[in-house]
Every structure is written in structure tokens, then in C-alpha cells.
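Visitor: how would this look folded up:
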Amino acid sequence: MWTTSSAGRPAGNTDPVADAAPGYAVEEYNYPNADKILAEKNIVLKRGDGHIVLADCASEAGLLEVWARSKDKICFKVTGNSGWLTLEIPAVYAVKGSVDQSAQVDMTVGTEEKSFDVAKNTWTAVGESADPEGRDHMLVEIRTSK
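Guide: Here you go, the predicted structure:
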């Protein structure tokens, strides 16, 4: 049942509908199931655009491979023309680029930040194996491009 005011308009709340509409969804790019991956594999995956994802190393050839003293080989499937992923993997010493894309990996050692270029389908010494002092480096970001 509708009630009207003396002016013929509906009585009660007359706020425009648009004011009550929900806000915009904002993508934060958080890595899905990061807590589960941390618990099961002890790998911190933070944020990314979805073009670099953790993969089973035995699932296919041509994956991006990360080698660290603290873990078994860690593999990532790389898709699209470019991608990025922030993460934390300690004691990384080598990275092999995926079959189709080159990469740039950013690492930290103490308060220093270092970047290494990784050619596609090629092994690259990074971190402690490229450091004259042999210090442990933390892998903190991977960026890929064709």
C-alpha cells in the first residue's frame, strides 16, 4: 500500500536510489590461498596480477624455476605478455627463466636491494651465488615480459 503526500509524491524516504547503491569493488591483487600455501610449503606469496602462479614443477616443461638453499625447487607458471608477483623466498641462489618470457627478479640483502635480469629459458646466478660476499638474499619480486 502506497501513501502519498499532499503534493502527490510518495511519502516517506525520498532519497535517490543511486545514493543507496553499493560502492565499487577494488581489486587488491592479494595472492589467492596465500595462507594455505604458507602453511603447506612455507612460501610467502603476497600479491600479483595473476600472470605468475605457483605450479607443480613436474606438471609441465618451460616453467620459471627458483632455486633456494632453504627449499626444494619452486616453479611458477607464467602466462600473458607480462606479469608481476611479490613474495618472500629466502636464500635464493639461481633462477631459470620460463620458456617464453624473460624476467627481472628483485632481491634484498640486509638493507640493500638488488635486481637481476633473467633471460628466457636460461639459468642465471642470483643472490648469494652472484654476491662476492656470498650473503643470503631474499627474493621479493618477480616481473616477466615477452
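
Visitor: any idea how far the spatially closest residue to Glu65 that is not a sequence neighbour is from Lys36?
Guide: Closest residue to Glu65 apart from its sequence neighbours, by C-beta to C-beta, 6 or more residues apart in numbering: Lys96 at 4.2 Å. The way it works is simple: take the backbone N, C-alpha and C, and place the C-beta from them, glycine included. To Lys36, Lys96 is 26 Å away according to C-beta to C-beta, to the nearest Å.

Visitor: more neighbours, those two?
Guide: Taking neighbours as other C-beta atoms under 10 Å, Lys96 and Lys36 compare with Lys96 leading, 21 against 9.

Visitor: for that one, what are its contacts?
Guide: 64-65, 67, 118, 121-124 (C-beta atoms under 8 Å, 6 or more residues apart in numbering).

Visitor: Tell me the confidence at it?
Guide: Looking at Lys96, its pLDDT is 97.

Visitor: Tell me if I'm right that Val99 and Ala119 touch.
Guide: No: the pair Val99 / Ala119 is not scored as a contact, 11.3 Å apart, by C-beta atoms under 8 Å.
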